[in-house]
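In: Need a 3D model of the following:
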Amino acid sequence: MSEPVRYGSRYGSASRPAARACPLCAAPLPSPRARYCSEACKQRAYRLRQAARVPSDPTALARELRRLRTLRAHTLYECCSTCGERYLGVQRCPDCQHFCRAVGLGGACPHCDELLLITDVLD
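Out: Here you go, the predicted structure:
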C-alpha cells in the first residue's frame, strides 16, 4: 500500500521564511496571512489604488463617468436661445424652458464658482 500524500501547511512552517514586510512602510506583518501591517497602511493602499483609477485624458474620463452613470452630472450645458447661460448637469434652461446643448465635461471653480470646461483648465 502506498504512503498518503501530504501537502504543506497553508499557515507557514519553519522552513518558510517568516520575514515578510508591509508593501507600503516595510514594517513586519503581524500575522502570516496579513497583507498590511496596520489599518492605516491598508487605508493608504486603498486610496492610492483609487487615485490611480482616475484618468487624466478627457475622453477616458468621459468613458469612466459613463460607466459610473454620472456623466450628466459632470457635463456643462449651454442654453441655445437668447440667454446663453451655462449650467452644470441641467439639460433644460429654467428661465426660457429651452433645451441646452452639451458643451463638454466641466465643473465649478472652487474660488469663484464660475463654470469651467475641463479642456480649458488642462490647456
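
In: Quick check: buried residues in stretch 27-44?
Out: Using 16 or more other Cβ atoms under 10 Å as the test for burial, stretch 27-44 gives 29, 36, 37, 41. Where C-beta positions appear, they are placed from N, C-alpha and C, glycine not excepted.

In: do the same with stretch 78-89
Out: 78, 79, 86, 87.

In: From the opening residue of that stretch to its closing one, how far?
Out: By Cα to Cα, to the nearest Å, the extent of stretch 78-89 from end to end equals 10 Å.

In: can you check stretch 92-111 too?
Out: Stretch 92-111 has an end-to-end distance of 26 Å (Cα to Cα).

In: next one: stretch 72-83
Out: Span of stretch 72-83 from end to end, Cα to Cα: 21 Å.

In: List of residues touching that stretch?
Out: 65, 84-91, 93, 95-96, 98-107, 115-117 (Cβ atoms under 8 Å, 6 or more residues apart in numbering).

In: give me phi/psi at the closest residue to residue 93 other than its chain neighbours?
Out: Leaving aside its sequence neighbours, residue 93 sits nearest to residue 79 (Cβ to Cβ, 6 or more residues apart in numbering; 4.2 Å). Backbone torsions of residue 79, given as degrees, to the nearest 10, read phi -70, psi 130.
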